[in-house]
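Chemist: Here's a sequence, model it:
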Amino acid sequence: MAVRERAEAVLRRLAGEHARLREDQWRAIEALVVDRRRVLCVQRTGWGKSAVYFVATALLREGGEHGPTVIVSPLLALMRNQVESAARAGIRARTINSANLDEWDEITAEIHAGAVDVLLISPERLNNPDFRDGVLPKLAATTGLLVVDEAHCVSDWGHDFRPDYRRLRTFLANLPERTPVLATTATANARVTQDVAEQLGDALVLRGTLDRESLRLGVLDLPSPAHRLAWLADHLDQLPGSGIIYTLTVAAAGETAEFLRARGWSVAAYTGQAEDADRRAAEQDLLDNKIKALVATSALGMGFDKPDLGFVVHLGAPPSPIAYYQQVGRAGRAVEHAEVLLLPGVEDAAIWRYFASLAFPPEEQVRAVLAALSTERPISTQALEPLVDLRRARLELMLKVLDVDGAVRRVRGGWLATGEPWVYDEARLRRVAQARTAEQQAMREYAATPGCRMRYLRECLDDAGAGDCGRCDNCAAPLFGPEVSDAALTAAQTFLGRPGVEIAPKKLWPTGLEAVGVPLKGRIAPAEQALPGRAVGRLSDLGWGGRLRGLVGPDAADGPVPDDVAAAVVEVLKSWAHGDDPWPRRPVGVVAVGSRTRPLLVGSLAERIAAVGRLPLLGRVVPTGPSGPGGPRGNSAQRVRALHDAFAVPADLADALSGLDGPVLLVDDLVDSGWTMSMVARLLRRAGAPDVLPLALAVAG
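Modeler: Prediction:
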């Protein structure tokens, strides 16, 4: 039987009796199976990229190829879907990931015995010391086909660059000669395509049209978060089938889901902070159409496959048209029409700036890490954290990049500097930052364009065949208007206007403080802890977030607390006193945290609380030294080091505390890491305060 006929037969087992290979699918399969080439497929979501590697795998195995196809895939959701898809074609697929550690030995034995057709691994697995040193060398030497899924992650210029993907260069270098390689993505512009193709080396590039005929794109410019929530509550029933509502933050996902449920809609929240079992259950409920929508962050992205997804709505714009195209591509794969709506917000830019601030650190911080790792013994990330001024997630990202660059190496027990010369590529980082800024501007232009929206997205992806779609709200009459009912708007305003979030007390000191000269470790003594506190809201909240950012954001000017915010604080205090989880005892006094940046704001807030509550204003804890503790530090250990001995309790305040018979309210403007409140509360407790109740305007995050 000819190769193409065999390929068509496998496809029918995979996708049904009526399935036929597209011409570029066949070109890719032929290049992989017959010519043993490297291929880059840049094709729209739903085109059938997975069919290419499953069909190629079946043909290679039928032809006597003993080694498995290795698929490097970014998400567990994708892995689960792929394993199920492979089984339909009689392909035996297994996965090695962080969720099945107890199966690794069994799977490795099956691989060595030739009993696995497809092995799916995450890019992070490539640098796990046990996997890298014990499994990877033999796996690379016996791989029958290497598949790099979501290959735009390989490129600095891709919308979702992941340093772990760069380790594929080592994998590629260790493959036997003429081992076929397939890289796939739906979201690569010309620059990303060229970059990935160069990393593959002599690759056949197959770029198809990126039009999605089933998608009807639209933008609704609504004046406030309350209007956006009200619009959803009023119009969800007009959106076909079930779908996804994307938000930019975890807090927004939770708020949106809570509000919609209160309005009678069956929805679930989906974020990276949820437990894996909860995320899997939510995915399944959407797949089974048991819920109208998942309200999700970008944690639900690459890999989630629901062919009949009827709509995608964005509450807030992603930071690039390319990322937006990737997310809306979840919809309309196997239905004739799907609705895609963007509801941008004025707060989007502030959220973009926050995530941009988590980029690769400045050179002096990187050099400090390299110096700390220039030892004979490896240092774990946890032990390294107190030595450098970086938060855990940013530190881990930096270490991955340094590992890929050859400057450090992950070994059992942690990390070591290799001693190899390393250059801080400031020019490249600057170019990447400029590209991100340009992408943000392009996203603003997408929302404002009077032209075809699908054409705009396709042109951002350098689709040479881009033309007017005839379907979007600019090409045709808008299907949805901005109208919201008074009832829904009032409900949304009331819901978002509720002030009050909890400030959780610290109970453990960060590890490694002794290494930076701070004699604190283990559990914070109960007699030195604060009680749970309250704040008006989070900076990322849909409701109070914008108002609070205007008061305590990095560009906010100092001034007295506004009346509306002071009134919200009073509501928080009332709820705290009489709500479901009230304070244990009514406070008997007010203390302000001495602020160098916003003394008017914090001082006036403390005065108004004291006046409303008819409590004595006992004074303020004063910052010591020429500059005090400074701004928020990168991680908890560094923050505690900076705050240790950075405040003092004046004598008159100490005298007032010693005779109290109840807790004091400790007032500040912003809780970021939470350590300022904790350290100042510890001072007050040691000075005689029976208990401390933290109260702030805002919580970061």
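Chemist: Stretch 28-39 - what's its average pLDDT?
Modeler: In this model, stretch 28-39 has a mean pLDDT of 95.
Chemist: So the residue lying closest to residue 343 once chain neighbours are set aside, which state does it fall into?
Modeler: With C-beta to C-beta, 6 or more residues apart in numbering as the criterion, residue 343 has its nearest non-adjacent residue at 4.8 Å, and that residue is residue 228. Just so you know, the C-beta spots here come from the backbone N, C-alpha and C atoms, and that holds for glycine as well. Using DSSP: H, G, I helix; E, B strand; the rest coil, the secondary structure recorded for residue 228 is helix.
Chemist: Isn't residue 228 up against residue 315?
Modeler: Yes. Judged on C-beta atoms under 8 Å, residue 228 makes contact with residue 315 at a distance of 5.6 Å.
Chemist: Which one of these two is surrounded by more residues?
Modeler: residue 315 (27 against 24; other C-beta atoms under 10 Å).
Chemist: tell me the contacts of the nearest residue to residue 46 once chain neighbours are set aside?
Modeler: Leaving aside its sequence neighbours, residue 46 sits nearest to residue 333 (C-beta to C-beta, 6+ apart; 3.7 Å). Residues in contact with residue 333 (C-beta atoms under 8 Å, 6 or more residues apart in numbering) are 45, 46, 214, 305, 306, 307, 308, 309.
Chemist: so what's the third one closest to, chain neighbours aside?
Modeler: In this structure, residue 214 finds its nearest non-sequential neighbour in residue 332, 3.4 Å apart by C-beta to C-beta, 6+ apart.
Chemist: what's near enough to touch the residue nearest to residue 343?
Modeler: 222, 315, 343, 345, 542.
Chemist: Low-confidence regions, the chain specifically.
Modeler: Regions of the chain meeting the criterion pLDDT under 70 cover residues 1, 75-82, 98-99, 158-160, 301-303, 625-634.
Chemist: domains for it, by residue range?
Modeler: 1-207, 215-352+434-489, 498-699 (the TED database).
Chemist: right, and the ones you listed - which one's nearest residue 417?
Modeler: Nearest of the domains of the chain to residue 417, taken as C-beta to C-beta: domain 1-207 at 15.8 Å.
Chemist: Now do the closest one: distance to the chain's middle.
Modeler: From the chain centre to the centre of domain 1-207 is a distance of 25 Å (C-alpha atoms, centre = their mean, to the nearest Å).
Chemist: and what of stretch 263-270?
Modeler: 21 Å.
Chemist: Where do the strands of the stretch 301-450 of the chain begin and end?
Modeler: Ranges of strands within the stretch 301-450 of the chain are 311-315, 338-343, 408-411, 414-417, based on DSSP state E, counting those that start in this stretch.
Chemist: so which of these is the most packed in?
Modeler: strand 311-315 (a mean of 26; mean count of other C-beta atoms under 10 Å).
Chemist: Against which helices or strands is it packed?
Modeler: Judged by 3 or more C-beta pairs under 8 Å, 6 or more residues apart in numbering; DSSP states H and E, strand 311-315 is in contact with helix 225-235, strand 243-247, helix 321-328, strand 338-343.
Chemist: Which residues does the last one contact?
Modeler: So the one you mean is strand 338-343. With C-beta under 8 Å, 6+ apart as the criterion, strand 338-343 contacts 214-220, 222, 228, 231, 239-240, 243, 309-317, 324, 328, 331-332, 446-447, 479-480.
Chemist: Stretch 239-248: end-to-end distance?
Modeler: Start-to-end span of stretch 239-248 (C-alpha to C-alpha, to the nearest Å) is 21 Å.
Chemist: correction: stretch 15-31
Modeler: 22 Å.
Chemist: Please renumber the chain so that the first residue is 17 from this point on.
Modeler: Let's use 17 as the start, then, which means that last one is stretch 31-47.
Chemist: Other residues contacting that stretch?
Modeler: With C-beta under 8 Å, 6+ apart as the criterion, stretch 31-47 contacts 19-20, 23-24, 27-28, 53, 55, 57, 59, 63-64, 67-68, 71-72, 75, 196, 198, 220, 222, 224.
Chemist: Check stretch 365-377 too.
Modeler: 264-265, 332, 335, 382, 406, 409-410, 413-414, 417, 445, 448-449, 452, 456, 556, 565, 569.
Chemist: Now that stretch: buried residues?
Modeler: 366, 367, 368, 376, 377 (16 or more other C-beta atoms under 10 Å).
Chemist: Repeat that for stretch 448-461.
Modeler: Neighbour count says stretch 448-461 has 448, 452, 455, 456, 458, 459 buried, by 16+ other C-beta under 10 Å.
Chemist: Same question for stretch 521-531.
Modeler: 521, 522, 525, 526, 527, 528, 529.
Chemist: Over to the nearest residue to the third one once chain neighbours are set aside: give its phi and psi.
Modeler: Spatial nearest neighbour of residue 525, excluding adjacent residues (C-beta to C-beta, 6+ apart): residue 536 at 4.7 Å. Its backbone dihedrals place residue 536 at phi -130, psi 140, with angles given as degrees, to the nearest 10.
Chemist: Tell me which residues touch residue 536, please.
Modeler: Counted by C-beta under 8 Å, 6+ apart, residue 536 has contacts 525, 529, 530, 656, 660.
Chemist: how far away is residue 198 from residue 163?
Modeler: Relative to residue 163, residue 198 is positioned 5 Å away (C-beta to C-beta, to the nearest Å).
Chemist: Now for the two: what residues contact both?
Modeler: Joint contacts of residue 198 and residue 163 (C-beta under 8 Å, 6+ apart) are residue 69.
Chemist: Quick one: the helices in the stretch 567-716 of the chain, in order.
Modeler: 579-594, 615-629, 652-659, 667-674, 691-702 (DSSP state H, counting those that start in this stretch).
Chemist: Need the ones you listed in TSV (columns: distance to residue 79 and mean neighbour count).
Modeler: Listed next are the helices of the stretch 567-716 of the chain as TSV, based on distance: least, C-beta to C-beta, whole Å; neighbours: other C-beta atoms under 10 Å:
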stretch	distance to residue 79	mean neighbour count
helix 579-594	69	16
helix 615-629	72	19
helix 652-659	56	24
helix 667-674	82	16
helix 691-702	62	23
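Chemist: among those, which is nearest residue 86?
Modeler: helix 652-659 (38.7 Å).
Chemist: Could you pull up the contacting residues of residue 495?
Modeler: 232, 234, 355, 489.
Chemist: Try it again at 6 Å.
Modeler: Shown in contact with residue 495 (C-beta atoms under 6 Å, 6 or more residues apart in numbering): no residues.
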